[in-house]
Structures are given as structure tokens and as C-alpha cells.
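> Let me see the structure of the following:
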Amino acid sequence: MVSSIEEYNLLIQPDLNQTLGGIHLIIVGICGASGSGKSTLAKRIADSLACTCTIIGQDCYYRNFPDLPFEKRIKLNYDEPEIFDFEEMFRDVEKLLHGEPITTKGYDYTNYLRADSPDVLIQPPEVLILEGIHMFYDKRICDLMSLKVYLHVDVDVCLLRRIKRDIKVRGRNIDNIAEQYMETVKPVYEKYIEGYINDADFAVMRGGKNKMAIDAISAYLTTKVLAERFGTEAPAIAIKDKPASGEPDDLPDAPVEPKANEKKPDSADAEIEGDDPFDFLVTGKRDSSAGDGEGDNSSECEEYENEDDVDYVPSRYFRHRRRVARKTLRFIFFSTFLNFGLAIFALFMLGQVYNHDWAMTQSGGMNAIIDALVQVFFLVLPILLMALFNRLLYKMFDLDYSPGWLIFLLVLWILIVLGGTFYLVYAYNLLDGMAGFGLGGLFGA
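Sure thing, here's the model as predicted:
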């Protein structure tokens, strides 16, 4: 058992045993995959504490490349840990530890530069929450943390949250989301972020919606703050240490994720009320107080839950929209000519059916049956070709996940092309009757 607050602090971190004008700075690190709910958890922990608390997002420390042309800046990989200035972050944390205020800047996602907005002055708080996808990457910063929390959320849920945000908030096309996820987000997760769980004191499941974890962390931090503020008895054991048999854990209600090679509990990804990632697909509603934590960051660095998602910015958003629009226009162009030709072909076949020009046409017997089948074939063939070729174009131009209204307009346009072609040919051959529906009649032969 730990008999004094000094021994307890030594168990947690000797370097943190510093008095900052009567305030002991407690640093909490929150790490996890993109879309796991880091900013939501940080904000809710901060709101539940009865002490001064500041949240600093890792996106405040993106490296600045003002001399690099914009065309090259947008091609940088903003998911790799090297894109963050850990030296600057470490200096700022050390200043806060020594009671010195710091200034931070936001990040201009449009131009991929540090924001031109005025610096934000941050005074040393009692609790400092650092959150980001690579929050456990730098060992120096990691060693300064009193508590390290890893958000363990199923990667499929994280992806669904990205899709929800990008489609509903930013109007993204599913292809753009998939491309970004496969090229940068998923490889970085597998290379770095997945392994950060081994550096954490414990892991929280269901992200920022896990009320038990929020209450447990808040209770632990409140107890620690009170202990350091008034010199009262601290919890009996540090979070890093495994409680002895029969001794209570500091966080009894927090769902703990097993670390190395332990079997996960079956309820790891059990749903809680309001935590259905498909909810937006059914109801179309948005809950600004839960879920992805979009815009839910008490630091002056805006973060839309996916801190690594810096190349999903307004400039690229508009570029993506133009790219999708060009695909749609190409589809309309090709489908117009294709359906115009298919309509002529259908009319030609229909004219041949009514003219009975086939050499095999005879009356009675098996030949009559064959003749009927051939006529049906030539009538159905154009319809099958229309469906086949339009579906092929539909797949070629990646329209599977386009909005329903766009698909409706495209189908309506195809029907207009087909109907218009039928009408033009019919009007041109009206005096010749149904027999003039062939290609010869169309070209005046």
C-alpha cells in the first residue's frame, strides 16, 4: 500500500512531482484511430471536472511549409507521425509544467499552413489533456503523462463515422473517402496507431460515448487533483500497476481492454443506446452532442474528430466536387449517344418485325414457331442491350453511391433520350407507316 501522496506521485511519474505556484499539472494523453472519438472523450472529461482543464489537439502542431508550393503541400501525407512537430509540442508541455503560459495557433486546412489567426494564450491548468492519433509516438511527451488512455474502437465503426461525417457534413463521394482511407489512413493505423495500445495504461471501448469510462477517469482525476491541492490521501495504487488480489482498482467501472495477446471479451463492441453507427442511414438525424465529436474541441485548434484528415479540407472538397461533376458529365455524354444509337437499333428491329423481311418466314408448322421466337428475340434484344450498356456506363463512371436524386435525374435523362429518338424517327417516317421504321427510312433511302 502507498502511505503518502509523495510515494503515490513517484509511482505515477517522478518528473511530475513539481509545484507550479501551488498547482500540480496532471497530463492525460488520449490516443486512438481516426474516428475513434478522441476529441469527444476529451471534451466530456473536461466538462465533468471541477477544476481547470485545457485540451490541446495534436493538429495544432502540424509542421509548417510556407516555402513549399501549394501543389506540393497538398501531396504530403498528413497521417504520418513525422508531419507533426513533436519538438515544439514537447517544449510547450515543459513550459506548462514549469508554470509558464504558452501560445498556440490553429491550422489552415485550406492552404495547408499554420493559421494566420492571433495566437491563443494558454495558462497552466490543473489538468492538461493531449489528444491525437500519434499522441504516444514521442517517448518524451509520453513519459510526462500521468494517465494514458487508448480508444479501442472497431476499425469498421471508425470508417462508418468517417463516411457519416464526410457525406453528411462535407458532401463527399464514397470513392473519395475510400481512396483516402486505403492510401493513408488504414496503412498508418496498421503501422503505428494499432500498436499504441501497448503504451496505454488502459483502453476504453466505444470511444467518447462510454459513460462508465468518462465517469471513472473523471473520478480518478478529481481525486488526484484534490490530493495534490489539499494534501489529502490519494488513491491506494497507481493506474500503471496491476492491483493486488483483493485490492480495489482506481477505475473499477472502466471497461479495460486486454493488452498483449489476451482474448477480448465478447461484449467488446456491444452497442449502447445511441451508438449505432448506421443510425444516420436510417433516420438522417445528427446528434451534435455525441458520436464523432465534430467540432467538439475546447482548444482553439478546430478538429472534426479525425485529426489526421487534414487533406479533407474545403479546397479539396470543391476539387472533389468538380471531379465528380466531370464524371457525371462524361456519363451523360456517353449515355446520350449510346441510347440514341440503341433507340435507332430498336426501331430498326421493330420495323423489321412488322415488315416480315426474314427469309425463313413461312406459314405453319415449326417454321412459324421459329419465326415467332425470332421476332420476340429481335424485339427483346434492344431492351436487353439498353439495360446492359447503361449498367456498364453506370459502373464505369462510379455512380453506385451517388445521391438518389442524381440517379433519378440520370435515368430520367436516358428515358428522354430514348423517347425523343423514338419520336423523331416516328415523325420522320409517319407517312410511311410502321413499315418505315427501318434505318433506310431514317436516312431517306
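> any chance you could map the helices in this structure?
Secondary structure of the chain by DSSP state H: the helices cover 5-12, 38-48, 70-73, 86-97, 139-143, 155-168, 174-180, 186-191, 211-230, 279-283, 314-355, 365-396, 404-428, 439-442.
> ok, of the ones you listed, where does mean pLDDT dip lowest?
For the helices of the chain, mean pLDDT drops lowest on helix 279-283, to a mean of 30.
> Break the protein down into its structural domains.
For the chain, automatic domain parsing gives the domain ranges 5-310, 320-442.
> for the nearest residue to residue 116 once chain neighbours are set aside, which residues make a bridge with it?
Excluding its sequence neighbours, the residue lying closest to residue 116 (CB to CB, 6 or more residues apart in numbering) is residue 108, at 7.1 Å. Bear in mind the C-beta positions are built from the backbone N, C-alpha and C, glycine included. On the basis of DSSP bridges, residue 108 is bridged to residue 113.
> Could you pull out the buried residues of stretch 108-120?
By 16 or more other CB atoms under 10 Å, the buried positions in stretch 108-120 come out as 108, 109, 112, 113, 114, 115.
> would you turn the residues you listed into JSON lines with pLDDT and distance to residue 48?
Below are the buried residues of stretch 108-120 laid out as JSON lines (pLDDT from 0 to 100; distance: CB to CB, whole Å):
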{"residue": "108", "pLDDT": "74", "distance to residue 48": "32"}
{"residue": "109", "pLDDT": "64", "distance to residue 48": "30"}
{"residue": "112", "pLDDT": "73", "distance to residue 48": "35"}
{"residue": "113", "pLDDT": "80", "distance to residue 48": "35"}
{"residue": "114", "pLDDT": "80", "distance to residue 48": "32"}
{"residue": "115", "pLDDT": "75", "distance to residue 48": "29"}
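> Dump the residues you listed into JSON lines; add distance to residue 63 as well.
Output for the buried residues of stretch 108-120, formatted as JSON lines (distance: CB to CB, whole Å):
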{"residue": "108", "distance to residue 63": "13"}
{"residue": "109", "distance to residue 63": "14"}
{"residue": "112", "distance to residue 63": "10"}
{"residue": "113", "distance to residue 63": "10"}
{"residue": "114", "distance to residue 63": "9"}
{"residue": "115", "distance to residue 63": "14"}
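> what's the closest of those residues to residue 84?
Among the buried residues of stretch 108-120, residue 114 lies closest to residue 84 (CB to CB), at 12.7 Å.
> so that closest one sits right up against residue 108, yeah?
Yes - with contact defined as CB atoms under 8 Å, residue 114 reaches residue 108; the gap is 6.9 Å.
> Closest to residue 154 out of the buried residues of stretch 108-120?
For the buried residues of stretch 108-120, the residue nearest residue 154 by CB to CB is residue 109; the value is 27.1 Å.
> Could you export stretch 153-171 as PDB, CA atoms only?
Provided in PDB are the C-alpha atoms of stretch 153-171 (Å, rounded to 0.1, in the frame of the first residue of the first chain):
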ATOM      1  CA  VAL A 153     -13.000   1.200 -31.400                       C
ATOM      2  CA  ASP A 154     -13.600  -1.300 -34.200                       C
ATOM      3  CA  VAL A 155     -12.000   0.000 -37.400                       C
ATOM      4  CA  ASP A 156     -15.200  -0.600 -39.300                       C
ATOM      5  CA  VAL A 157     -17.000   1.700 -36.900                       C
ATOM      6  CA  CYS A 158     -14.300   4.300 -37.300                       C
ATOM      7  CA  LEU A 159     -14.700   4.100 -41.100                       C
ATOM      8  CA  LEU A 160     -18.500   4.400 -40.800                       C
ATOM      9  CA  ARG A 161     -18.000   7.500 -38.700                       C
ATOM     10  CA  ARG A 162     -15.800   8.900 -41.400                       C
ATOM     11  CA  ILE A 163     -18.400   8.100 -44.000                       C
ATOM     12  CA  LYS A 164     -21.100   9.700 -41.900                       C
ATOM     13  CA  ARG A 165     -19.100  12.900 -41.400                       C
ATOM     14  CA  ASP A 166     -17.800  13.200 -45.000                       C
ATOM     15  CA  ILE A 167     -21.200  12.500 -46.700                       C
ATOM     16  CA  LYS A 168     -23.400  14.500 -44.400                       C
ATOM     17  CA  VAL A 169     -21.100  17.400 -43.400                       C
ATOM     18  CA  ARG A 170     -18.800  17.700 -46.400                       C
ATOM     19  CA  GLY A 171     -20.800  16.200 -49.200                       C
END
